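Colleague: this is the structure alone, sequence omitted:
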């Protein structure tokens with residue numbers, strides 16, 4: 001039997017729902033349905049006729065007696081699913097996969113995570129990179145060997161990429177080094193502007209990197225990266241970065 005929420009969605013009123021609950025126990029004639037549903041016979045007959053037209057109940061005539069039965073629950077559920085599908089089409093138009101909207105590429109595992117960074121960061125020579133770097137990512141980036149990061153950082157410098165960064169307060173401690181070491185030996189050495197948000201403001205294991213035409217969201221805890229090339233989404237992420245940048249403080253070395 002469908003739930004109260006589903007009944008509401010299907011447009012069943014309280015009296016109709018009572019009739020369906022009665023018939024859920026088995027077929028009955030009009031008089032017995034009305035009695036068990038505590039409704040006048042005329043009212044029950046009118047409502048049953050409407051439910052029959054809408055496909056909720058079946059009508060059977062044997063000699064002079066009319067008996068009513070509930071349409072199989074699985075058929076009602078199918079009707080509900082079709083109704084939901086129609087509502088989605090009406091409200092949202094054709095359902096489009098996220099991959100078609102955002103033009104996404106997925107990378108899984110430590111090796112692919114590194115490859116996604118290499119592809120993403122080294123394919124934009126001379127461009128400006130915008131990064132949101134929460135402290136929580138530093139607990140997980142060690143899953144990729146340090147030598148690989150050193151090679152990647154050198155590639156960034158060689159390609160003259162300029163970076164703007166929004167960090168979380170306490171980042172130097174989270175990385176296990178001093179601010180000076182961090183700025184000199186990691187990819188923060190390419191920074192044109194580095195700003196800090198209060199600790200906990202952007203606490204997350206997800207690193208966000210944005211170039212002119214694409215963005216990379218790297219979840220270092222789950223070891224999954226999502227590359228997005230949708231122009232509208234990239235623009236929205238740049239807007240988020242600028243908002244964080246405007247309310248953060250410059251790094252003092």
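Modeller: Arrived safely. In this text, all values refer to a predicted model and were calculated from it rather than measured experimentally.
Colleague: quick check on residue 13: phi, psi?
Modeller: With angles defined as degrees, to the nearest 10, residue 13 sits at phi -90, psi 180.
Colleague: which SSE is residue 46 in?
Modeller: Assigned by DSSP states H and E, residue 46 belongs to helix 41-53.
Colleague: and that helix, what does it pack onto?
Modeller: In terms of contacts (3 or more Cβ pairs under 8 Å, 6 or more residues apart in numbering; DSSP states H and E), helix 41-53 is packed against helix 14-23, helix 30-36, strand 57-62. For glycine as for every other residue, the C-beta is placed from the backbone atoms N, C-alpha and C.
Colleague: now the angle from that helix to helix 14-23?
Modeller: Relative orientation of helix 41-53 versus helix 14-23 (axes from the mean of the first three to the mean of the last three Cα atoms, to 10 degrees): 80 degrees.
Colleague: and the angle for helix 41-53 with strand 57-62?
Modeller: Using the same axes, to 10 degrees: helix 41-53 against strand 57-62 is 110 degrees.
Colleague: quick one: the strands in the stretch 101-250 of the chain?
Modeller: 104-108, 128-133, 162-168, 191-197, 206-210, 215-219, 224-228, 249-250 (DSSP state E, counting those that start in this stretch).
Colleague: which one of the helices and strands packed on helix 41-53 lies nearest to residue 147?
Modeller: Between residue 147 and the helices and strands packed on helix 41-53, the shortest gap by Cβ to Cβ is with helix 14-23, which sits at 67.4 Å.
Colleague: have a look at the protein and report the helix or strand with the lowest mean pLDDT.
Modeller: Least confident helix or strand of the chain, by mean pLDDT, DSSP states H and E, is helix 179-185 with a mean of 54.
Colleague: so the nearest residue to residue 128 once chain neighbours are set aside versus residue 130, what's the distance?
Modeller: Among residues not flanking residue 128 along the chain, residue 162 sits closest, at 5.0 Å (Cβ to Cβ, 6 or more residues apart in numbering). Separation of residue 162 from residue 130 (Cβ to Cβ, to the nearest Å): 10 Å.
Colleague: okay if I get the helices and strands packed on helix 41-53 as CSV plus mean neighbour count and distance to residue 42?
Modeller: Listed next are these as CSV, based on neighbours: other Cβ atoms under 10 Å; distance: least, Cβ to Cβ, whole Å:
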stretch, mean neighbour count, distance to residue 42
helix 14-23, 18, 12
helix 30-36, 17, 8
strand 57-62, 13, 16
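Colleague: make TSV from the ones you listed and add distance to residue 224 and mean pLDDT to it.
Modeller: As requested, the helices and strands packed on helix 41-53 are exported to TSV (distance: least, Cβ to Cβ, whole Å; pLDDT from 0 to 100):
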stretch	distance to residue 224	mean pLDDT
helix 14-23	45	86
helix 30-36	56	92
strand 57-62	49	84
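Colleague: quick one: buried residues of stretch 38-54?
Modeller: Neighbour-count burial for stretch 38-54 flags 39, 44-45, 47-48, 51 (criterion: 16 or more other Cβ atoms under 10 Å).
Colleague: what's the lowest-pLDDT member of those residues?
Modeller: Within the buried residues of stretch 38-54, the minimum per-residue pLDDT falls on residue 51 (86).
Colleague: list the buried residues of stretch 112-128.
Modeller: 113-114, 116-117, 120-121, 124.
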